[in-house]
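Novice: below is the structure, and that's it, no one-letter string:
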């Protein structure tokens, strides 16, 4: 079994992915970065004093999934909840720059647009400040989102759900999306948040990291093995999640150990990481689910999609901040 893709196959998938259409539903955020440098410690408390130089903004959460998809050429519409505030205006403007449709973002008066502010000095995060509303969307709000998604399903190849436990992804929303996708044969991917305790059964793809996998399985992660396939605890967790939730595909991200792909009736496969340098893992999970789904929409096999996503993640962790990968960068990583 080959664990690489010929460059010509990668380019073929990229060309087809650029013709695909994907809807992204979930918790959208605005990522704010305050950049500066540190020369001294505060006399008021044992903390560094960051001398401010500049600030920047990027779409985060499900919005980062969406921009990862458009970076690969896919057509994307984003659905979620925002506040009636400046954060929402800034987020919409950023999404327009990234060619992400934002007509599915619904303003809600009793919410604020989630904003994560990271203070960065000398390429290292010093502190992060979160401003957010975590309350779950009510029945009326959820139905507004589902109705908007349903109206936009024509020509859709896949839906990606980004759950960051900020209140958009509820059991009602997930069941509604399943009901929309199944009869139409639309692929449904989910990046799960186990602490949310939702029934995530019967999806096309779920993409937990190792910690989330064990939480979903209800098991304790006590030991590690250099070879994930010989890690008895890990394999027990994989089997437990497959049995409990029956996903068509289970993709587990394993940091420096790469990725594990498990599918029904097939032996799990581990793809070693291809990352050369790791500067920032912020948003790497967004890149994984976006690139994997784009590859599937382009006709890739599960193994090909895993290789595609593994290389995409390897590129973005070498960048600072919530980053994306371009088709040129991705193709070059296979050369």
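Specialist: Right, received. Where do you want to start? In this text, all values refer to a predicted model and were calculated from it rather than measured experimentally.
Novice: doesn't residue 87 belong to a helix?
Specialist: Yes - with DSSP: H, G, I helix; E, B strand; the rest coil as the criterion, residue 87 is part of a helix.
Novice: next one: the closest residue in space to it that isn't next to it in sequence from residue 102, what distance?
Specialist: Take residue 87 and drop its neighbours on the chain: the residue closest to it by C-beta to C-beta, 6 or more residues apart in numbering is residue 113, 3.4 Å away. To be clear about C-beta, it is placed using only N, CA and C from the backbone, and glycine gets the same treatment. In this view, residue 113 and residue 102 are 12 Å apart by C-beta to C-beta, to the nearest Å.
Novice: what residues are shared contacts of those two?
Specialist: Common contacts of residue 113 and residue 102 (C-beta atoms under 8 Å, 6 or more residues apart in numbering): residue 91.
Novice: show me which of those two is the more surrounded one.
Specialist: The neighbour count for residue 113 versus residue 102, taken as other C-beta atoms under 10 Å, is higher for residue 113 (26 against 23).
Novice: what backbone torsions are found at that one?
Specialist: Here is the backbone geometry of residue 113 (degrees, to the nearest 10): phi -70, psi 120.
Novice: can you tell me the SS state at the most centrally placed residue in the chain?
Specialist: Residue closest to the average C-alpha location in the chain (C-alpha atoms, centre = their mean): residue 286, at 2.2 Å. At residue 286 the chain is in helix, as set by three-state DSSP.
Novice: which ones are touching it?
Specialist: 61, 64-65, 68, 162, 191, 322.
Novice: still on that earlier bit, how close does the residue nearest to residue 87 sit to residue 89?
Specialist: As judged by C-beta to C-beta, residue 113 and residue 89 stand 9 Å apart.
Novice: and residue 217, by the same measure?
Specialist: 42 Å.
Novice: residue 287 now?
Specialist: Separation of residue 287 from residue 89 (C-beta to C-beta): 26 Å.
Novice: higher neighbour count, these two?
Specialist: Per other C-beta under 10 Å, whichever of residue 287 and residue 89 has more neighbours is residue 287, with 27 against 13.
Novice: surely that one is in contact with residue 316?
Specialist: Yes - using C-beta atoms under 8 Å, residue 287 is in contact with residue 316, at 4.7 Å.
Novice: what's the overlap in contacts for those two?
Specialist: Common neighbours of residue 287 and residue 316 (C-beta under 8 Å, 6+ apart) are 323-325.
Novice: which of the residues you listed sits closest to residue 97?
Specialist: Relative to residue 97, the closest of the shared contacts of residue 287 and residue 316 is residue 324; by C-beta to C-beta it sits at 12.0 Å.
Novice: in a helix, that closest one, correct?
Specialist: No - the assignment for residue 324 (three-state DSSP) gives coil, which keeps it out of a helix.
Novice: give me every residue that touches it.
Specialist: With contact set as C-beta under 8 Å, 6+ apart, residue 324 has these partners: 67-68, 71, 287, 316.
Novice: so what's it closest to, chain neighbours aside?
Specialist: Spatial nearest neighbour of residue 324, excluding adjacent residues (C-beta to C-beta, 6+ apart): residue 71 at 3.7 Å.
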